[in-house]
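>>> Predicted model and sequence follow; I will ask about them next.
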Amino acid sequence: MARIEFDQIAHSYYPNPTVASDYALKEINTLWEDGGAYALLGPSGCGKTTLLNVISGLLKPSKGRVLYDGIDVTDLPPEKRNIAQVFQFPVLYDTMTVFDNLAFPLRNRGFNNTDTTRRVHEVADILDLTPDLKRKAAGLSADAKQKISLGRGLVRSDVAAVLFDEPLTVIDPHLKWHLRRKLKEIHEQLKLTMIYVTHDQVEALTFADQVIVMYEGEIVQVGTPEALVENPRHKFVGYFIGSPGMNFLPCTLEGQNARVDGVTIALDPETAALGAKARGMLELGIRPMHMEVHGSPVDGGVPVTMKTVEDQGSFKILTSALNGHTLLSRVPEGHPVPEKQAWLKFPPQRTKLFADERLIR
Amino acid sequence: MGLKIQNVTKVVGGETHLRQIDLAFEKGSRNVLLGRTLSGKTSLLRIMAGLDRPSSGKIIIDGQDMTGVSVRKRSIAMVYQQFINYPSLTVYNNIASPLKITGIPKKEVDRRVRETAEMLHLEDMLDRIPAELSGGQQQRTAIARALVKDAQLLLLDEPLVNLDYKLREELRVELQEIFRKRSAIVVYTTTEPSEALMLGGNVVVLDEGRVLQTGATATAYQRPETLRAAEVFSDPPINALESAVTNGRAVMGDNIPVPLTGHLTDLADGSYRFAFRSNNLWLSSQTDGDLAITGTVELAEINGSETFIYVHHGKSAFVVQQEGVHPFAMGNEITVFIDPKHFFVYGTAGQLVAAPPAAGPTA
Amino acid sequence: MEKWADNKAWFLVLPVFVVVAFSAIIPLMTVVNYSLQDIFGPGNAVFVGTEWFKEMLTDTRLHDALGRQFIFSSLVLMIEIPLGILIALAMPKKGWGASASLVTLAIPLLIPWNVIGTIWIIFTRPDIGLFGVGINSLNLLDVPFDHTARPSYAWVTLMAMEVWHWTPLVALLCYAGLRAIPEAYYQAAKIDGASSWAVFRYIQLPKMRGVLTIAILLRWMDSFLIYAEPFALTGGGPGNSTTFLSIYLVKLATGQFDLGPAAAFSLIYFLIVLLFCFIFYQALLNVGKGEKTS
């Protein structure tokens, strides 16, 4: 197990990068604590797989250093770093049995038979693979295969970190939650450093204690799932996390209030004070589930025109228009839905202010 | 007028994929085939398209038996899970391809291609080839190609399943709008209840090759006729606890007494399954009549807007859906509350015995 | 997936049936016909039953040719397959080197077979051939090299030619198989600390099984039927040392005009090839099956 540190890491797939957009990873300084459960979340092409490969050593970064427990490993190949990695699709040695697959990393490192057998059985036990040990790996189902890939990583007790590169892509939807639970259990039991790459918010938020949101080669936020939902530090986080994502309205400040196209929305006094000092384009952000929807005028309610209603069963998503801006709000099952006109209330504590896409408060 | 499926069975290599399906689709209707993986949705869709022949039964289109007629002679368009486009053709030519073989004048083709492209926000990419597009744009192209020829039957086989959830959100709102303006029969398959509800129209709940339920989508959601239909039509699957009524007293799960009031009044003695959807469970008591259920937390899944808590209770398990993001440690004890007015009561054979009175003022 | 039973589709298959009938079935039937009769001239044939088959099955020259054929085909296979794999492994994976080696490999496959025989005759000639002159100038051999001088020289020349001609095919097939292995397998192996040998043994070889099956089948059949090259190079000699089945068959049929025995021989030949293909195919199929079900 190890604490992994990124010291000014940057990477470009071009030989002579000049402009910022040449970089798949723009300068990254971050720390992965020993025994933490991390998720790297972002849309495809954001650089998350590149970052993972820098950790494992499959890729040498153009700039910067990777430290394991304070030791520079930037130049070490993956096999010297004691890393385990689970890939998008199951990577198995088809001709070997499950047992041999699990024993493979140990045998390569010259462990004796007794130790190997003991470790393989321990790991097979954790992963519920014991009944399949004697079978050929090629004949198993996708989720069992993915568990073997995982097991090959766990079998080495000295493993520094386990890396997951979208490991549930090929798993049947209703088996996914079973594997997600297994992964969480393993983390609780073995206290390994685990880093999980995904573009799926459910997988990231469920698995991780700390979620790292990446966007265009940069880390835009590191935080707990609650922090990402409650206080997105960047507009992208607000948009990407949550279904649907955050609403954004360009605004100006007027004392303690925000003005959106002539409509006044009250802000938290502290937010307004910080906003007055901020530079750049101001935008107001609020999550659809935090807005109150009323069918008749209320104090502080903003009048909007109702457009569509999407019934999703346990909740409904209402689309409304505020002077040409579209607003989404989310109401639970059974909540009354206004027909033509509605009044939306923006609770000041939940109403966020952004300047040039970054959160002010 | 419309499409009728009469007593259709499909057996492939000894395995029954579809069992005696009888369905009718009206012209201009929107229909959702809802079912889990391998429930027979795709098999049924392929038979409707004419890509496969049913083992027995008939397909009647506008009163004519079309069972043996090849797909080329039917007016259909289909969109698949995978993004299927002609790789060497530009987006423009991809969309135009179904029209070119019909001999429509060039000007008309151009007009329709541009109109359809605009509808799917592809107007700026008409000169690109599919490899230069994102997954979402590729599927938009495939959908545009299906829409452009104005077929009488528009079939979509889980078109959004391979897209990122953000793209899925966008596209399904747009599709809803697009379908509304069509005069064709639209048939859309999905595994997700929320997608079915959003598309509205009529639903066919499929399971293991059988039709479990048909009807208006909203009604079917509020009144699933069998426990299995309720499971398929709830995400997460509806919770069901073993229950028994003896001498007019009901006990559910691990000895939780249930007052027999409201729609539960007059429940005869016997064994039942009391079922309730995850979103009707709360972490704090909402009304005086709430029942408390205790269990241990197995896992808390978070999707950014809600938390799904998997709870183990006695010999069974259930899922609690909570708005917002809440961390729960695995293995902890938890007490959740539910108002019995949300209970569906199913008999031992899975048949609906009592359902909650139609919910909410918007029903 | 079940398809429409559209009767019109049969018309599209019809031309192929006609071609196959003319190119395979009718000639085969003619051969069967010949093999059962003694033909003295046009309209003058006697039915002899299995006479020719008996004669051929006890013909020692045929036994010798068959033995030679087996040794030749097996040796060639044993060289071509490992060599092809090695070449495929050594080939560059991308860049101009990949295209250059692909083109170079394809050259022997594009040359007509009898031309290859001629090329090798010139190449190995002791007076002007590069190889012949080269090896003789080293003075290593007690009898100077000339592919007609000794059976062993003839064999070496023939095998070298066969290997030169056909190893590229095996290499190309293996290369295609190797290219199809996803990068993640190599990455996983690196992380597992696997040696290059283990990567070959547990990843590359199993993933190449499909193409190797095809390569072995093709090469076995082809080398078993080899005719043009030895005919051009040695004509079956010196002595009978390179008289393989096909060469003997042609001698019998067109040299001695023993049509009946030759026809019986062809049928036996045909069945042997068929039998071996079947055995190889089954064997290789079963290797795969064990992994999928056991």
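That came through fine.
>>> Can you give me every residue that contacts the most centrally placed residue in chain A?
What sits nearest the mean C-alpha location of chain A, by Cα atoms, centre = their mean, is residue A:41, with 2.9 Å. By Cβ atoms under 8 Å, 6 or more residues apart in numbering or on different chains, the residues touching residue A:41 are A:48, A:198-199, A:201, A:204, A:211-214, A:240-241. All C-beta spots, glycine's among them, are computed from the backbone N, C-alpha and C.
>>> can you rerun that using 10 Å?
Residue A:41 makes contact with A:48, A:196-201, A:203-205, A:207-208, A:211-215, A:221, A:228, A:237, A:240-241, B:304, according to Cβ atoms under 10 Å, 6 or more residues apart in numbering or on different chains.
>>> Return the subset of those lying in strands.
Mapping those onto strands (DSSP state E) picks out A:196-198, A:211-215, A:221.
>>> Would you mind listing the buried residues in the lowest-mean-pLDDT helix or strand in chain A?
Counting by mean pLDDT, DSSP states H and E, chain A has its least confident helix or strand at helix A:173-190, which shows a mean of 81. Neighbour counts using 16 or more other Cβ atoms under 10 Å in any protein chain shown place A:176-177, A:179-187, A:190 of helix A:173-190 among the buried residues.
>>> Dump those residues into CSV; add distance to chain C as well.
Output for the buried residues of helix A:173-190, formatted as CSV (distance: Cβ to the nearest Cβ, whole Å):
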residue, distance to chain C
A:176, 20
A:177, 24
A:179, 18
A:180, 21
A:181, 24
A:182, 20
A:183, 18
A:184, 23
A:185, 23
A:186, 18
A:187, 19
A:190, 18
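>>> Quick check: which ranges of chain C have low pLDDT?
Within chain C, the segments meeting pLDDT under 70 span C:1-7, C:286-294.
>>> What ranges does it have for its strands?
C:37-41, C:44-47.
>>> Would you agree residue B:224 is in contact with residue B:231?
Yes - Residue B:224 is within contact range of residue B:231, at 8.2 Å (criterion: Cβ atoms under 10 Å).
>>> which neighbours do those two share?
Joint contacts of residue B:224 and residue B:231 (Cβ under 10 Å, 6+ apart) are B:205, B:212, B:238, B:275.
>>> By neighbour count, which of those wins?
Among those, the one with the most neighbours (other Cβ atoms under 10 Å in any protein chain shown) is residue B:205, at 29 neighbours.
>>> got the domain boundaries for chain A?
Following automatic domain parsing, chain A resolves into domains at A:4-239, A:247-359.
>>> Of those domains, which is nearest residue B:163?
Nearest to residue B:163, of all these, is domain A:4-239, at 10.6 Å by Cβ to Cβ.
>>> Span of the closest one from start to end?
Start-to-end span of domain A:4-239 (Cα to Cα, to the nearest Å) is 29 Å.
>>> That domain: how far from the chain's middle?
With Cα atoms, centre = their mean, to the nearest Å as the basis, domain A:4-239 stands 13 Å off its chain's centre.
>>> try stretch C:151-159
Counting by Cα atoms, centre = their mean, stretch C:151-159 comes out at 17 Å from the chain centroid.
>>> again, but for stretch B:160-180
Distance of stretch B:160-180 from the chain centroid (Cα atoms, centre = their mean) equals 14 Å.
>>> Do I have it right that residue B:213 meets residue B:227?
No - assessed by Cβ under 10 Å, residue B:213 is found out of contact with residue B:227, at 11.5 Å.
>>> Mind listing the shared neighbours of those two?
By Cβ under 10 Å, 6+ apart, the residues touching both residue B:213 and residue B:227 are residue B:352.
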